[in-house]
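3D model of this:
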Amino acid sequence: MTTAESDCLFCKIAAGQVPAEIVRDGERVLAFRDINPQAPTHILVIPREHHPDVASAARAETGLVDEIVAEAHALAEEEGIAGTGYRLVFNTGSGAGQTVFHLHCHLLGGRGMEWPPG
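A predicted model of the protein is given here:
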């Protein structure tokens, strides 16, 4: 494990070293409820493997981004928000609001989503 990974909050959650309200625990992907929810449904979907952001995972061409999106949709169905709509957000870089530099997808739903966001 690199220093970035050993200091990474989401790597620690994936390793079971930091508690989280886990809603899905898969081989490559883990999902848990956000501790500061911005909507009635706010779930983070992360890879177990450390990637600093969505672009680095996409460049790796392992299908991980596809798996994260598919997992988020399955969770939206389970949470009952797939029919009314939901938002998936990948923040990339601090200027976009990324605070944990481990790829994560925010699944948001259960309320109206305004545009533009932010």
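
Please list the residues outside the strand ranked longest in the chain that contact it.
Ranked by number of residues, the top strand in the chain under DSSP state E is strand 41-47. Under the contact criterion Cβ atoms under 8 Å, 6 or more residues apart in numbering, strand 41-47 has outside partners 10, 13-14, 23-24, 28-34, 57, 64, 67-68, 71-72, 75-76, 79, 81, 86, 102-110. Any C-beta I mention is one placed from the backbone N, CA and C, and that applies to glycine too.

Just the buried ones out of those residues, please.
With neighbours counted by 16 or more other Cβ atoms under 10 Å, those contain buried members at 10, 13-14, 23, 29-32, 34, 57, 64, 67-68, 71-72, 75-76, 79, 81, 86, 102-110.

For the lengthiest helix in the chain, name the packing helices and strands.
Ranked by residue count under DSSP state H, the longest helix found in the chain is helix 64-79. Under the contact criterion of 3 or more Cβ pairs under 8 Å, 6 or more residues apart in numbering; DSSP states H and E, helix 64-79 touches strand 22-25, strand 29-33, strand 41-47, helix 54-60, strand 86-89, strand 105-109.

can these go into TSV with extra columns for mean pLDDT and distance to Glu5?
Output for those, formatted as TSV (pLDDT from 0 to 100; distance: least, Cβ to Cβ, whole Å):
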stretch	mean pLDDT	distance to Glu5
strand 22-25	97	19
strand 29-33	98	15
strand 41-47	98	12
helix 54-60	94	13
strand 86-89	97	23
strand 105-109	98	19
